[in-house]
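**Q** my questions are about this predicted structure, shown below with the sequence.
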Amino acid sequence: MKMQSQYIFGTICSIDLFEDGTEELYAGLFERLNQIERKFSVNIADSELSFVNSNASEGPVVVSREFFDVLKFSVDFAEKSGGAFNPALGSIIGLWGIGTEHQRIPEKQEIEEAKKHCDYRNIILNEADDICSVMLADEKLRLDLGAIVKGYAADELVKLLKENGVTKAIINLGGNIYAFGSKSNNPDDKWNIGIKNPLKYDAEPIVVLEVNSTSVVTSGNYERFFIENGVRYHHIIDSKTGFPAETGLASVTVINESSTLCDAMATACFVAGTDAEFIKNEAVPGKIQLIFITQDGKIVKK
Ligand code: FAD
Ligand code: MG
């Protein structure tokens, strides 16, 4: 069966399994994506994430191992990136509502108030005798894992592809790409993955990568935004200001075999900018590749 797509995570998710694509396999992969959305969505009232947001400030709540592991990775990565990636930004993200019907520029005092409730160190994780729990030590703190869960989902699909003996696939979860396996038996025959030109939407890709068995994830200011009085307000928020991050970047692409890491890293780099200190520690040369596109069209590779 040829490439299949479904609308999940508020975006188009496509999977191409080429000659391995059976109806049953596609169904299993999309079911996995739907399961992940039902667990991690802020927009689904009975998701595990919504349950934690509503209840964990009153005391620890028991969570699934899966939820715990993704949140733990997120809190650890927040620490590593000096808060540039921050899973505790739900209150501010809710105020701006970017990409929703109620998107608006919040009042200054609303932002100042919400900013007080975005400290990821108030996410208290506990693991004992295989029971995992989460507590929020701030009753107004709200989790939002929108910057990492598509990456996690891509990695989960890759596990299923391996279990099912699939040899090659292209996964695209709203710009979060996994190029799985090699394009052909010849290992020199690489997948071509284009990075969109963030400055000219309909133009040719600004960079074309040749890759095998890796994820390619881009965070940018050009897909979810609104413009008011000539100013672009996009969806990647800097915890320090409570405003959309302004570091002169239009997009950041991260290339590594862990799509979870790529997703978190792309968001963090967009917030922190090209010269951030943590990038020197995290961007292991030859292992994690970064491509920054600046608002004036320069391409910076690290
Ligand atoms: P990324 O840079 O990877 O992530 C940006 C998103 O992360 C922001 O939208 C915000 O949610 C959050 N964020 C902002 N700043 C930071 C920061 N500094 N640190 C950490 N996180 C930050 N969209 C819909 O329109 N409708 C839906 O029903 C919907 N459901 C979703 C369910 C799930 C489980 C997920 C993962 C996403 C869903 N989305 C939905 C999309 C979501 O709102 C984001 O737009 C999307 O995840 C952003 O991904 P990105 O790759 O563009 O940007
Ligand atoms: Mg991200």
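**A** It's in. All figures in this text were calculated on a predicted structure; none of them were measured in a lab. Numbering: from 1, shown residues only. Ligands and ions are numbered 1, 2, ... in the order given.
**Q** from now on I want contacts and neighbour counts done on CA atoms only, so please keep to that.
**A** Fine.
**Q** and whichever residue of the stretch 151-300 of the chain sits closest to ligand 2, which of the three is it?
**A** The nearest approach of the stretch 151-300 of the chain to ligand 2 comes at Asp263, 3.6 Å away (CA to the ion). Taking DSSP: H, G, I helix; E, B strand; the rest coil as the rule, one finds Asp263 in the helix state.
**Q** do the same with Leu209
**A** With three-state DSSP as the basis, Leu209 sits in strand.
**Q** near ligand 2, which residues of this structure?
**A** 147-148, 263-264, 267 (CA under 5 Å from the ion).
**Q** nearest to ligand 1 among those?
**A** Distances from ligand 1 to the residues of the chain next to ligand 2, taken as CA to the nearest ligand atom, are shortest for Ala147 (3.3 Å).
**Q** dump the residue contacts of the closest one.
**A** Residues in contact with Ala147 (CA atoms under 8 Å, 6 or more residues apart in numbering) are 263-264, 267.
**Q** show me the beta-bridge partners of Lys168.
**A** Gly181 (DSSP bridges).
**Q** my read: it touches Lys190, true?
**A** No. With contact defined as CA atoms under 8 Å, Lys168 does not count as touching Lys190 (11.4 Å).
**Q** now do Gly286, the pLDDT please.
**A** For Gly286, the pLDDT comes out at 64.
**Q** ok, Ala283 next?
**A** For Ala283, pLDDT reads 64.
**Q** give the closest residue to Val166 in space, chain neighbours not counted.
**A** Spatial nearest neighbour of Val166, chain neighbours left out: Asp20 (6.2 Å); criterion: CA to CA, 6 or more residues apart in numbering.
**Q** sorry, back to before: what touches both of Lys168 and Lys190?
**A** In contact with both Lys168 and Lys190: 182-183, using CA under 8 Å, 6+ apart.
**Q** neighbour-wise, which of those two wins?
**A** Taking other CA atoms under 10 Å, Lys168 and Lys190 do not tie; Lys168 has more neighbours (20 against 17).
**Q** what's near enough to touch that one?
**A** Neighbours of Lys168 in contact, by CA under 8 Å, 6+ apart: 17-18, 179-183.
**Q** just the closest of those to Phe30, please.
**A** Ranked by distance to Phe30 (CA to CA), the contacts of Lys168 are led by Leu17 at 12.4 Å.
**Q** so how many other residues sit close to that closest one?
**A** Neighbour tally, Leu17, other CA under 10 Å: 21.
**Q** after the lowest-mean-pLDDT helix or strand in the chain comes which helix or strand?
**A** Least confident element among the helices and strands of the chain, by mean pLDDT, DSSP states H and E: helix 277-282 (a mean of 80). The helix or strand immediately downstream of helix 277-282 is strand 289-294, counting by DSSP states H and E.
**Q** for the helix or strand following that following strand, what is the distance to the chain centroid?
**A** Once strand 289-294 ends, the next helix or strand along the chain (criterion: DSSP H and E) is strand 299-301. For strand 299-301, the gap between its own C-alpha mean and the chain's C-alpha mean amounts to 21 Å (CA atoms, centre = their mean, to the nearest Å).
**Q** gap between Ser91 and Phe77?
**A** Distance from Ser91 to Phe77, counting by CA to CA, to the nearest Å: 19 Å.
**Q** tell me the domain boundaries of the chain?
**A** Taking automatic domain parsing as the criterion, the chain consists of the domains 4-32+148-301, 48-136.
**Q** chain center to the first one: distance?
**A** Looking back up the chat, that one is domain 4-32+148-301. Using CA atoms, centre = their mean, the offset of domain 4-32+148-301 from its chain centre is 8 Å.
**Q** check the last one too.
**A** From the chain centre to the centre of domain 48-136 is a distance of 14 Å (CA atoms, centre = their mean).
**Q** pLDDT of that domain, averaged?
**A** Rounded mean pLDDT across domain 48-136 is 96.
**Q** ok, now stretch 199-210?
**A** Stretch 199-210 shows a mean pLDDT of 90.
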